[in-house]
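*Asks:* Quick one: sequence and predicted model below, then my questions.
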2 protein chains.
Amino acid sequence: MTTTPLSPTDRSRVRRHRDRQREDRAELHAVLDEALVAHLGRVVDGEPVVLPTLHARVGEVLYLHGSSGAASLRGDEPVCVTVTVLDGLVYARRWFTQSANYRSAVVRGRARRVTDTGEVLGALRALVTRVAPGQEDHAEPPSRRELAATAVIAVDLAEASVKARSGPPGDAEAVAAGDHRWAGVVGLATRVTGVTTCPALPADTPVPAHVPTG
Amino acid sequence: MTTTPLSPTDRSRVRRHRDRQREDRAELHAVLDEALVAHLGRVVDGEPVVLPTLHARVGEVLYLHGSSGAASLRGDEPVCVTVTVLDGLVYARRWFTQSANYRSAVVRGRARRVTDTGEVLGALRALVTRVAPGQEDHAEPPSRRELAATAVIAVDLAEASVKARSGPPGDAEAVAAGDHRWAGVVGLATRVTGVTTCPALPADTPVPAHVPTG
């Protein structure tokens, strides 16, 4: 695997737990491509506003979409898009060392409202594919009217940082000191719990192969 | 269940998909008490910064914690704390109607740095209990030195909104119009994938009953 440094700017450098900073662009891509939800931060009247949204990466660009009337998608403003994948809970011997295993990416940049129809369609296809691979071909692309009702913004992955924690509790030295209390990690993942067919369809409508069923 | 309205301020009112706005304070509490990760938004040098963090609710107060040196935990500044629980992916007939089932809470307010030791300890206990119920008694409370290294901020749940989507795809009318393509919902949940005992311990150290094993 080729390692391409993230080259964070000074302000995007990880300040706490620097050992958790990841420097490889491939890790940034991996976190963005795995997380299902992003949190978009903006400044509104001088105060922060953070809203959840879906996201998709195409090369070195992160796309978000929503209603064309949404204030959060006007573009031409500084944004921060953060995604977090929770991998586990770290049960330690002390409240202080209790922790979580996670990977998170923080992307800062100026949002650009995408106006080129080709780029909009590419972004929307990527957004469908990101959360529901295969669905981009099963479902209909947007009509002209739907396109007009949709806004897409792009954020370049120029200023991004990745932070991750993995592995066992950080207080293993307690064992040598005679503390034999259990400690460890509870692994977590997002799993499919079941598939519910649209009630307007016959119940025996076959579920297509691209739909995950568990 | 008593219904206590959230009474959002004008600026915290849901603007898009108003049908998704929830008005009951109990729903705010439920989302905050279920989500394992929060995203804390701040304004730094006029630009937004969003970082993931653990959170816990005690009554009508939301607590966040971290290193006492963390810039994000100085308090006395406007913050936005957003939590999102993803319940499923909505596979629709059109890219435009493709969606997600989720519950999200957006809490805005002025962060208050907690300095009272009793309140700090209560918040830290709640933070451990939130993600690892039972662990607050299994693990040691902080020493004086650990307390000095820990910062806790509080945000009152005075200005908050809850938005949620649930149920089948929104384009069921397509069936009556002759579109028999499958559509439906893929349910998602965070699940325990396994438990790994700290490698410094004997492998047969019993896992306590309060630790979820799947």
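*Replies:* Everything's here; your move. Quick caveat, the model's predicted, so the values are computed rather than measured.

*Asks:* Which element, helix or strand, includes the most far-flung residue of chain A relative to its centre?
*Replies:* For chain A, the largest distance from the centre (CA atoms, centre = their mean) belongs to residue A:178, which lies 41.0 Å off. Per DSSP states H and E, residue A:178 falls between elements, in no helix or strand.

*Asks:* Against residue A:93, how distant is it?
*Replies:* As judged by CB to CB, to the nearest Å, residue A:178 and residue A:93 stand 11 Å apart. From N, CA and C alone the C-beta is placed, and that goes for glycine too.

*Asks:* Also residue A:138?
*Replies:* Distance from residue A:138 to residue A:93, by CB to CB: 50 Å.

*Asks:* These two - which one has more neighbours?
*Replies:* Neighbours per residue, other CB atoms under 10 Å in any protein chain shown: of residue A:138 and residue A:93, the larger number sits with residue A:93, 24 against 18.

*Asks:* so how far is chain B from that one?
*Replies:* According to CB to the nearest CB, to the nearest Å, residue A:93 stands 6 Å off from chain B.

*Asks:* Kindly report the same for residue A:88.
*Replies:* Remark: distance between residue A:88 and chain B (CB to the nearest CB) = 8 Å.

*Asks:* excluding its backbone neighbours, what's nearest that residue?
*Replies:* Closest residue in space to residue A:88, ignoring its immediate chain neighbours: residue A:101 at 4.0 Å, by CB to CB, 6 or more residues apart in numbering or on different chains.

*Asks:* burial of residue A:159, as a residue count?
*Replies:* 18.

*Asks:* What is the burial count for the residue nearest to residue A:83 when sequence neighbours are not counted?
*Replies:* Among residues not flanking residue A:83 along the chain, residue A:35 sits closest, at 3.8 Å (CB to CB, 6+ apart). Neighbourhood size, residue A:35 [other CB under 10 Å]: 22.

*Asks:* and the helix or strand bottoming out on mean pLDDT in chain A, how far out from the chain's middle?
*Replies:* The weakest-scoring helix or strand in chain A, judged by mean pLDDT, DSSP states H and E, is strand A:21-22 (a mean of 79). Between the centre of strand A:21-22 and the centre of its chain there are 16 Å (CA atoms, centre = their mean, to the nearest Å).

*Asks:* ok, which stretches of chain A are strands?
*Replies:* A:21-22, A:38-44, A:47-53, A:55-58, A:61-67, A:77-91, A:99-113, A:150-156, A:159-165, A:184-197 (DSSP state E).

*Asks:* so what pLDDT did the nearest residue to residue A:79 once chain neighbours are set aside get?
*Replies:* For residue A:79, ignoring the flanking residues on the chain, the nearest one in space by CB to CB, 6+ apart is residue A:111 at 4.5 Å. Residue A:111 carries a pLDDT value of 97.

*Asks:* what number of residues lie near the closest residue to residue A:206 other than its chain neighbours?
*Replies:* Take residue A:206 and drop its neighbours on the chain: the residue closest to it by CB to CB, 6+ apart is residue B:182, 6.6 Å away. Burial measure for residue B:182: 16 neighbouring residues, criterion other CB under 10 Å.

*Asks:* Then residue A:165?
*Replies:* 17.

*Asks:* Against residue B:200, how distant is the residue farthest from the centre of chain A?
*Replies:* 12 Å.

*Asks:* Ok, residue A:173 next?
*Replies:* Per CB to CB, residue A:173 is found 8 Å from residue B:200.

*Asks:* what about chain A, any weak spots by pLDDT?
*Replies:* Applying pLDDT under 70 to chain A picks out residues A:1-8, A:12-16.

*Asks:* Same question for stretch A:26-46: list its buried residues.
*Replies:* The neighbour-count check on stretch A:26-46 (16 or more other CB atoms under 10 Å in any protein chain shown) flags A:27-32, A:35-43 as buried.

*Asks:* Contacts for the lengthiest helix in chain A next, please.
*Replies:* In chain A, taking DSSP state H as the definition, the longest helix is helix A:117-131. Contact with helix A:117-131 is made by A:33, A:36, A:54-58, A:63, A:65, A:114, A:135-136, A:139, A:141-142, A:147, A:150, A:152, A:154, B:89, B:95, B:98, B:100, as judged by CB atoms under 8 Å, 6 or more residues apart in numbering or on different chains.

*Asks:* about what we covered before: contacting residues for the residue nearest to residue A:83?
*Replies:* Residue A:35 is in contact with A:55, A:83-85, A:105, counting by CB under 8 Å, 6+ apart.
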